[in-house]
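In: predicted model and sequence below, questions to follow.
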Amino acid sequence: MSSKVIIALVMIMAGIVLASAGPTPLVIPFDEITIWGKVWNSEHNSGVEGANITINCNNHIQNLLTVSNGNYGTNYSLYDCPHNSNVTVYAFKGTESGTESDQVGAYGTEINLTLISITLTPEFGIITGIITLFGALGIFFYMRK
């Protein structure tokens, strides 16, 4: 036999062995999930740049900032943040803040939130405290009669 015939037979046999093995499955490692979203202003018409973001998944906390269009995103390992875990995103900038929660999906979760400004009115606390104080004193002196 000539060397060309031997090479041809070896190639045919290799082809038969490879063809009988079937297709090779494509294995993609999914060992990370992504938490992403957008932080909106209170009018919900534009993203908030530079908002502080705190993401908590199974007590694994990550801190980051939003980019110019208000988007944010980070990755967690599946060990730290497995599927169906509860994840909470808290955002704030200046006096505005917002928070949202969701469960982690198969590849991650999109969580969008809107910042709102809550200004406290201390007068209501003081007024209520003064009324309570005078009411308690009035009841005390009335009962002592």
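Out: Received it, and whenever you're ready, just let me know what you need.

In: give me the below-cutoff pLDDT ranges for the protein.
Out: Low-confidence segments of the chain (pLDDT under 70): 1-30, 118-145.

In: need the helices for it, in chain order.
Out: Taking DSSP state H as the test, the helices found in the chain are 3-20, 122-144.

In: got the phi and psi for the closest residue to Ser97 other than its chain neighbours?
Out: Excluding the flanking residues, the one nearest Ser97 by C-beta to C-beta, 6 or more residues apart in numbering is Leu115, at 6.1 Å. (Glycine included, C-beta is placed from N, CA and C.) Dihedral pair for Leu115: phi -80, psi 130, per degrees, to the nearest 10.

In: how close does Leu115 get to Gly37?
Out: Plainly put, Leu115 is 13 Å away from Gly37 if you go by C-beta to C-beta, to the nearest Å.

In: likewise for Ser46?
Out: Applying C-beta to C-beta to Ser46 and Gly37 gives a distance of 15 Å.

In: what of Gly94?
Out: Taking C-beta to C-beta, one finds Gly94 at 20 Å from Gly37.

In: who touches stretch 79-88?
Out: Under the criterion C-beta atoms under 8 Å, 6 or more residues apart in numbering, residues 33, 35, 55-58, 60, 99-106, 109, 111 lie in contact with stretch 79-88.

In: tell me which of those residues fall in strands.
Out: Ile33, Ile35, Ile55, Asn56, Cys57, His60, Thr99, Glu100, Ser101, Asp102, Gln103, Thr109 (DSSP state E).
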